[in-house]
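Asker: Predicted model and sequence follow; I will ask about them next.
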Amino acid sequence: MTPSAPDASQIKPSWVTTFKVYLEPPTVRMLLLGFSAGLPLLLVLGTLSFWLREAGIDRTTIGYLSWVGLAYAFKWVWAPLVDRMPIPFLTRWMGRRRSWLLVSQVAILLGLVAMSFNDPRVALQPVVWGALAVALGSATQDIALDAFRIESADLDRQAALAASYQTGYRLAMIWAGAGVLWLAARAEVAGLPAYQFGAWQAAYLVMAGSMLLGMLTVMLSPEPLRRELAPARNAAEWLHGALVQPFADFLQRYRWQALLILALIGIYRISDVVMGIMANPFYVDMGYTKDEVAAVTKIYGVIMTLVGAFVGGVLSMRLGVMRVLMLGAVLGAASNLLFAWLGTRGHDVTALIFVISADNLSSGIASAAFIAYLSGLTNVNYSATQYALFSSMMLLAPKFLAGYSGRYVDAYGYQHFFVATALLGVPVLVLVWLASRVRRQ
């Protein structure tokens, strides 16, 4: 009996084919757009906390101000509008995805400029309003960009697009973290006090200008193949199609498994997010200078971010997303324990290099696999709304809990805090294991 030919879906791509994916135009575009997406996040969270701490703002206040990031957790509320509502004149010219991308990028640029012209030591509230504008623009950009990415390639290319996106995203976070610190240090005037508002102003203006890269990429990119939507007969039918159907579709496809999937999404990155708010205040309080943190992050952070995102994308394509999700969860929790160890070393730059390298490697692997996992859950008919729901769930509980991180550090200290954030990753391991069993069945 002649053996039957193997199913094409079961044939693994060759290594050459796997690597060639990273040179395809959609993958390269996603690298540049990932940079645009990653730039605003730290500027309203991690880097901002360094600025605020140096300006003398207390840790408890810094923790509460991290709730600005909850804008990312509620983006599903307006995701249906981004998914379906055209922008007058602009959508007809550029298409639905690109028009929303460009508008959100302009909002981010203007918000960063507004932040740069207000000194938090003199008036904190205007800085907070500027940060909120950046966060809302950034969340909107995420909605449109996730849909743009999902609609730009078929399912077997999503892991590569996710890895490329994550590489650009992480590079932007390094530029918005180490880059800002390096620029601020270069702009300081010798002989003046350690905190100089003009140095931070110059750095944030450069960050605003960096958004032009993403705007140019949007202008030069093709709109994904247009998905024709059936015209709604009335407002009620439009609202049903925009708001109800995307969520109903997910529940109908996954039924009881939807609860397990949403639980996993809701806490997968909890260790990283909660710990991240206090990382920069930790560096300041440990006596590390802006130059030291910037240099370590710029060199070792960049290398390990590239390696992590690349390895995460390749392993996801070769071994499967769920196995790499488990690996990312283990590495994420372990890297937080390294921060607890760093707290016992005093002012040790070598130890800082090791910890930041390990943290960026683990985060790159976990993020690439997680984005590919989320992308595989969406229905292309509701890609923007469903992905916004998933990525919002990813941030809601962690961002809310992170708001109390400053109070926790004030009460128990940094070392105890980092150990506690590592323990938050234990339930994640259980949920990944359960989700893997369900996926196999």
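Answerer: Good, I have the coordinates.

Asker: hey, where'd the helices end up in the stretch 1-150 of the chain?
Answerer: Ranges of helices in the stretch 1-150 of the chain, per DSSP state H, counting those that start in this stretch, are 15-20, 25-43, 46-54, 59-65, 70-73, 79-84, 90-94, 96-116, 124-150.

Asker: Make JSON lines from those and add mean pLDDT and mean neighbour count to it.
Answerer: Bear in mind the C-beta positions are built from the backbone N, C-alpha and C, glycine included. Formatted as JSON lines, the helices of the stretch 1-150 of the chain follow (pLDDT from 0 to 100; neighbours: other CB atoms under 10 Å):
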{"stretch": "helix 15-20", "mean pLDDT": "58", "mean neighbour count": "12"}
{"stretch": "helix 25-43", "mean pLDDT": "87", "mean neighbour count": "23"}
{"stretch": "helix 46-54", "mean pLDDT": "88", "mean neighbour count": "24"}
{"stretch": "helix 59-65", "mean pLDDT": "89", "mean neighbour count": "20"}
{"stretch": "helix 70-73", "mean pLDDT": "84", "mean neighbour count": "21"}
{"stretch": "helix 79-84", "mean pLDDT": "79", "mean neighbour count": "23"}
{"stretch": "helix 90-94", "mean pLDDT": "85", "mean neighbour count": "14"}
{"stretch": "helix 96-116", "mean pLDDT": "93", "mean neighbour count": "23"}
{"stretch": "helix 124-150", "mean pLDDT": "90", "mean neighbour count": "23"}
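
Asker: In the chain, where is pLDDT below threshold?
Answerer: Low-confidence segments of the chain, defined by pLDDT under 70: 1-23, 153-159, 225-235, 238-239, 241-243, 298, 380-384, 439-441.

Asker: Select the longest helix from it.
Answerer: With secondary structure taken from DSSP state H, the chain has its longest helix at helix 349-377.

Asker: Packing partners of it?
Answerer: Judged by 3 or more CB pairs under 8 Å, 6 or more residues apart in numbering; DSSP states H and E, the packing partners of helix 349-377 are helix 158-174, helix 290-296, helix 302-319, helix 321-342, helix 383-402.

Asker: since we're on residue 307, how many residues are nearby?
Answerer: 16 (other CB atoms under 10 Å).

Asker: distance of the nearest residue to it once chain neighbours are set aside from residue 70?
Answerer: Leaving aside its chain neighbours, residue 307 sits nearest to residue 361 (6.2 Å; criterion: CB to CB, 6 or more residues apart in numbering). Counting by CB to CB, to the nearest Å, the gap between residue 361 and residue 70 amounts to 28 Å.

Asker: Go ahead and list the helix or strand containing residue 246.
Answerer: helix 245-254 (DSSP states H and E).

Asker: Just the residues contacting that helix, thanks.
Answerer: Helix 245-254 is contacted from outside by 80, 83, 258, 261, 377, 379, 381-382, 385-386, 389, using CB atoms under 8 Å, 6 or more residues apart in numbering.

Asker: Using neighbour counts, trim these to the buried set.
Answerer: Burial by neighbour count, judged by 16 or more other CB atoms under 10 Å, picks out 80, 83, 261, 377, 382, 385-386, 389 from the contacts of helix 245-254.
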